[in-house]
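Student: what shape does this take:
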Amino acid sequence: MRSRKAKRAFTLVELLVVIAIIGILVGLLLPAVQAAREAARRMSCSNNLKQMGLALHNYHDTFRRFPPGGFYEQGMQSDSWSVQARILPQLEQGNLQSLIDWGRSYGLQGNVARTRVSTYVCPSEVNDRLRPSPKSHDADFAYYPLNYAANFGEWFIFNPIANLGGSGVFLPNGRLGMGSVVDGTSNTLAFAEVKAFNPYLRDGARPNSPNVATPTVPQDVVSLGGDLKTNSGHTEWVDSRVHQSGFTTTFSPNTQMLHEQDGQVYDVDFNSFREGKSATNITYAAVTSRSYHVGGVNAGLCDGSVHFQSSSIDLSVWRALGSRDGGEVASVFR
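Tutor: Down below sits the predicted model:
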């Protein structure tokens, strides 16, 4: 008689159990992997801001002042180059800056405007891409966005008649130096994160008088109205205007400012009237620092240090960090 050797194999029940165990292990491991990736992206983001802080110090060592938040000749309308464009050599991007003709608008220099500067882009940004500009005479003209904006202050940005700027470090036509940061460089913001392709309201010319109080809630700003641009805020790293390369401390990080139009709700920024577009209209702006990092934003101070700032920071403290000479002396990071 021939003996038969029994063949061992998984039963259907055993196979299902194994698959279930593997699924549980993957479910437990995936969040850990995602958390590790986000931690790496956040660290890379922090390093970008650190490089910008060092570049700012090197710029100051060379010129004995901070770069201006744009140059606008009194009584004239014009475009101007951003803080980020002015510190390029200090970021080892001197070849890129050498392509700039400072006497011509960035809107006529697509070879610069379309260039991706990796230091200005957060690795967590979901819209890391060109933004075509259909209004340009060049059909291929496009801008590249940025994720690290310059501190323009709390709310008031620019009065072209009086040639006055706001409470931040970077002012239109500004010539401020370290000595102007009376509150201390460790207590004053230089740069903070923003999201690219953010919607914003602009050119409503409201308010348009000096010394308008800072709004207390987002709806106070939204009610001022303006022309809605659905997806072009912070998409032009070359542009000095606050809604493109700056931020304000009107509201704490990641505060939503909701505006409804045509049945759709947008989390907007606001610019009452774009700098350089009028010889008389005053610019007020609420341009919020935002990021894709959970719980807050990375922010660089004038001393070159970088801190992760919680979205739940007290608004009065955030505004104090945004002003260079408000009399606040105790660092919130101690």
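Student: contacts, neighbours, all on C-alpha from now
Tutor: Fine.
Student: how many neighbours does Asp61 have?
Tutor: By other CA atoms under 10 Å, the residues close to Asp61 number 12.
Student: part of a strand, is it?
Tutor: No - secondary structure of Asp61 (DSSP: H, G, I helix; E, B strand; the rest coil): helix, not part of a strand.
Student: from Gly168, how far off is it?
Tutor: 20 Å (CA to CA, to the nearest Å).
Student: am I right that Asn48 sits in a helix?
Tutor: Yes - Asn48 forms part of a helix when assessed by three-state DSSP.
Student: spit out the contact partners of the residue lying closest to it once chain neighbours are set aside.
Tutor: Nearest in space to Asn48, with sequence neighbours left out and distances taken as CA to CA, 6 or more residues apart in numbering, is Thr119 at 5.2 Å. For Thr119, the contact set (CA atoms under 8 Å, 6 or more residues apart in numbering) comprises 48-49, 51-52.
Student: one more: Ala196?
Tutor: Residues in contact with Ala196 (CA under 8 Å, 6+ apart) are 125, 127, 145-147, 232-235.
Student: contacts only, for the residue nearest to Cys122 when sequence neighbours are not counted.
Tutor: In this structure, Cys122 finds its nearest non-sequential neighbour in Cys45, 5.3 Å apart by CA to CA, 6+ apart. Taking CA under 8 Å, 6+ apart, we find Cys45 in contact with 122-123, 298.
Student: now intersect these with the strands, please.
Tutor: Asn298 (DSSP state E).
Student: of the contacts of Cys45, just say which sits nearest to Val287.
Tutor: Comparing these against Val287 with CA to CA places Asn298 closest, at 15.7 Å.
Student: quick check: beta-bridge partners of the closest one?
Tutor: Beta-bridge partners recorded for Asn298 (DSSP bridges): Phe308.
Student: I figured it hits Glu193, correct?
Tutor: Yes - judged on CA atoms under 8 Å, Asn298 makes contact with Glu193 at a distance of 6.0 Å.
Student: quick one: which of the two has more around it?
Tutor: More neighbours surround Glu193 than the other of Asn298 and Glu193, with 31 against 26 (other CA under 10 Å).
Student: could you list the low-pLDDT ranges of the stretch 101-250 of the chain?
Tutor: 135-138 (pLDDT under 70).
Student: so where do the strands sit in it?
Tutor: Counting by DSSP state E, counting those that start in this stretch, the stretch 101-250 of the chain has strands at residues 131-132, 142-143, 148-151, 156-159, 164-165, 189-193, 198-202, 227-233, 246-247.
Student: tabulate those strands (a markdown table), appending distance to Val294.
Tutor: Shown next, in a markdown table, are the strands of the stretch 101-250 of the chain (distance: least, CA to CA, whole Å):
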| stretch | distance to Val294 |
| --- | --- |
| strand 131-132 | 26 |
| strand 142-143 | 28 |
| strand 148-151 | 17 |
| strand 156-159 | 29 |
| strand 164-165 | 33 |
| strand 189-193 | 13 |
| strand 198-202 | 18 |
| strand 227-233 | 21 |
| strand 246-247 | 19 |
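Student: Asp303 is nearest to which of the ones you listed?
Tutor: Closest among the strands of the stretch 101-250 of the chain, using CA to CA: strand 189-193, at 8.6 Å.
Student: how far out from the middle of the chain is the closest one?
Tutor: 8 Å (CA atoms, centre = their mean, to the nearest Å).
Student: in it, which residues are buried?
Tutor: 189-193 (16 or more other CA atoms under 10 Å).
Student: again, but for stretch 256-263
Tutor: Per 16+ other CA under 10 Å, stretch 256-263 contains these buried residues: 256-257, 259.
Student: so Phe170 touches Gly69, yeah?
Tutor: Yes - judged on CA under 8 Å, Phe170 makes contact with Gly69 at a distance of 4.9 Å.
Student: more neighbours: the two, which one.
Tutor: Each of Phe170 and Gly69 has its neighbours counted (other CA under 10 Å); Gly69 has more, 32 against 29.
Student: could you confirm the more buried one falls within a strand?
Tutor: No - using three-state DSSP, the secondary structure at Gly69 is coil, not a strand.
Student: coming back round to it: inside strands: which ones of the buried residues of stretch 256-263?
Tutor: His259.
Student: these two touch, right, Gly94 and Ile100?
Tutor: No - Gly94 is beyond contact range of Ile100, at 10.2 Å (criterion: CA under 8 Å).
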